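Enquirer: Fold the following for me, if possible:
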Amino acid sequence: MSTDLKLGLNLGYWQRGPADATALVQAAERLGYDSVWTAEAYGSDAFTPLAWYGARTSRIKLGTSVAQISARTPAATAMTAMTLDHLTGGRLLLGIGASGPQVVEGWYGVPFARPLARTREYAEIMRRIWRREGPVTADGEHYPLPLPAQGRPGVTGLGKPLKLITRPLRPEIPLYLGAEGPRNVALAAEIADGWLPLFAFPEKIEQMYGPSLAAAGPDFDIAAMVLTLVTDDVRAALDGVKTMLTLYIGGMGARDRNFHADIIGRMGYADAAAEVQELYLSGRRDEAFAAVPDELADGISLVGPAGRIRERLEAWRKSPVTSLLVMGLGDEPSLRTVRDLVLG
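Expert: Residues are numbered from 1 along each chain as shown. From the prediction side, this is the model:
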């Protein structure tokens, strides 16, 4: 149980146009927010906006939520992370995730199979690179280094173990995993410094993930991404959350393999998730939206007037969550209101 929550700002994906959030990030830093996070899917990458904001701030931590492991080799991500961490004075929080088969195979053109094994190998290779204890070798199935020539047409066999040229500012950059399934959450608790849940229902976390979190150490950071809207119009705010849920449950995955729908099912809304998905995939988007339960939308978010959010925060304080990464705040007054509510 956590009574003292850290507070972060999650910006999500960068979009062209008026999406330079520098002023917002600088306001968050002034107001005492602990971190700011950026995301990637199949549009903007996570690291470039983070470097942009890092160059315009001095204290706030900089997190990726998440960098997709299929987008880059472990060495490429390790180099990017090391460089950004150096340039920003040791402020990087590296969140990585396996994404899903639609993006991995449809966008990156690589197999999605065995995401947990791939993630484990990926994390270990990055940590070997940052430690610089010697030339890096790895004999795993997914990221062997050097790449063996046997059975691989076109491979010369001339690869040699290499050691990172630049000495990292920190040999242990904090590593977070974006995870939804119980086994993936257990992996985060075992090998990472934190977990980035996309959907978290505070009253249900212990029931859903208690055994998975058993291996987590005392400093393990559960940094929940929470859609947060300060408004007197609770109905409109809940509808905003429901719009997001409609897309993720209905369209962010295949009919027979949607990790987001699965997590909603584990929260106790399996029938609703199945209905939303069926309606969405049938082109009946308005009906899919209507099928999202208000109770679900309210449970995973913080919406409404300040007093309502204050009351709802008690459930988060009693949960295992240690950081709230608020999404949806677009101006300094809203940032200040949430800061005062969370940090007191």
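Enquirer: Can you pull out the low-pLDDT segments for this protein?
Expert: Counting by pLDDT under 70, the chain contains low-confidence ranges at 1-3, 17-18.
Enquirer: Tell me which residue is most central in it.
Expert: Ser65 (3.2 Å; CA atoms, centre = their mean).
Enquirer: Now do the same contact list for that one.
Expert: Applying CB atoms under 8 Å, 6 or more residues apart in numbering to Ser65 gives the contacts Asn10, Trp37, Thr38, Ala39, Ala46, Gly95, Tyr176, Gly178, Leu196, Ala223, Met225, Leu325. Every residue, glycine included, has its C-beta placed from N, CA and C.
Enquirer: From Thr337, how far off is it?
Expert: Going from Ser65 to Thr337 by CB to CB, to the nearest Å gives 23 Å.
Enquirer: Gln68 now?
Expert: With CB to CB as the criterion, Gln68 and Thr337 are 33 Å apart.
Enquirer: ditto for Trp130
Expert: For Trp130, the distance to Thr337 - CB to CB - is 38 Å.
Enquirer: Distance of Leu145 relative to Gly194?
Expert: Leu145 is 26 Å from Gly194, by CB to CB.
Enquirer: got it, and Asp85?
Expert: Counting by CB to CB, the gap from Asp85 to Gly194 is 16 Å.
Enquirer: List the neighbouring strands of the top strand by length along the chain plus their orientation.
Expert: For the chain, the longest strand by residue count, based on DSSP state E, is strand 221-230. Applying DSSP bridges, strand 221-230 is found paired with strand 194-196 (parallel), strand 302-304 (parallel), strand 323-327 (parallel).
Enquirer: Ranking those by mean neighbour count, which comes first?
Expert: The highest mean neighbour count among these, using mean count of other CB atoms under 10 Å, belongs to strand 194-196: a mean of 27.
Enquirer: residues in contact with the next helix or strand after that strand?
Expert: As assigned by DSSP states H and E, the chain's next helix or strand after strand 194-196 is helix 205-209. With contacts defined as CB under 8 Å, 6+ apart, helix 205-209 is touched by Pro182, Val185, Pro197, Phe201, Ile222, Arg266, Met267, Ser319, Pro320, Val321.
Enquirer: What are the buried residues along helix 205-209?
Expert: Neighbour-count burial for helix 205-209, counted by 16 or more other CB atoms under 10 Å, picks out Ile205, Met208, Tyr209.
Enquirer: Quick check: buried residues in stretch 15-32?
Expert: For stretch 15-32, by 16+ other CB under 10 Å, it's Ala21, Leu24, Val25, Gln26, Ala27, Ala28, Glu29, Leu31.
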